[in-house]
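[1] Mind looking at a prediction? Sequence and model below.
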Amino acid sequence: MSHIARSLIVASLFLSGASAVSAATIPLNAPPISSDPAAETIFDALLAISRASLVDPSRAQHGVAPYNAAVQAYASGNLTGAEQNATAAIVAIDAPAAPPARSNSPVVSPPAPAQYPPLVAVNESESQERLALARRALLSCGSSTATPFTTASGIFQTAVQNELAHHPKAVVQETTMIVNDCAAAIPTATGNTQ
């Protein structure tokens, strides 16, 4: 094998490893599937972390601990604590960077203009909307022990991880399956077809 061929193989292995690291998901649990204010706020925090990770991954990391605490509080039945922690996650992401240390120099520089993150790409925005739609579909997918719900909630877990890894096409495919499966599981109210 030539030196050039070996170099290309090593470079491709290095690059594939680098892309795997850059596409790593943020370690978050899926949000609870419920329509109460605490669950809604936790879901909002998840989307805020996902959006922030596109622009500034280090800022997104500030929301991880309070988000995970919110999910744990929710699981233990502490809805107030869950909502407070989810709100803290959103605030931690949006908190401005610490101001620079003041010096004794007579020159005062003007404050820096506010830095706004760029808008998310259309496909990222669509995947977030689809994830929210799938979450709402799960609320009407039957009891938590029903087969359609358990199947769809497993797909939802995967969709959440794909959202955090910024794989919008996968999220759209998974959420479409959830919506279709849950729609098929909803019995008709009257059985009348007009």
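    It's in.

[2] which residue sits closest to residue 132, ignoring its sequence neighbours?
    The shortest distance from residue 132 to any non-neighbouring residue, by CB to CB, 6 or more residues apart in numbering, is to residue 43 (7.2 Å). Any C-beta I mention is one placed from the backbone N, CA and C, and that applies to glycine too.

[3] So that neighbour sits against residue 135, correct?
    Yes: look at residue 43 against residue 135 with CB atoms under 8 Å: they come within range, at 6.4 Å.

[4] ok, these two, which is more surrounded?
    residue 135 (25 against 20; other CB atoms under 10 Å).

[5] can you pull the contacts of the more buried one?
    The neighbours of residue 135, taking CB atoms under 8 Å, 6 or more residues apart in numbering as the test, are 31, 33, 43, 156.

[6] Domain-wise, how is this protein divided?
    Annotated domains of the chain cover 28-96, 118-187 [automatic domain parsing].

[7] which one of the ones you listed has the lowest average pLDDT?
    Lowest mean pLDDT of those: domain 118-187, a mean of 86.

[8] returning to that earlier point: spell out which residues are contacts of both of residue 43 and residue 135.
    Common neighbours of residue 43 and residue 135 (CB under 8 Å, 6+ apart) are residue 31.

[9] circling back to that earlier point, format the contacts of residue 135 as TSV; extra columns: distance to residue 171.
    Shown next, in TSV, are those (distance: CB to CB, whole Å):
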residue	distance to residue 171
31	14
33	16
43	14
156	10
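
[10] if you look at the residues you listed, which of them are in strands?
    Judged by DSSP state E, strands contain none of the contacts of residue 135.

[11] Most widely separated two among these?
    Greatest spatial distance among the contacts of residue 135 (CB to CB): 43 and 156, at 11.1 Å.

[12] Show residues contacting the helix or strand where residue 58 lies.
    Per DSSP states H and E: residue 58 is located in helix 57-61. For helix 57-61, contacts defined as CB under 8 Å, 6+ apart pick out 26, 49, 50, 52, 53, 93.
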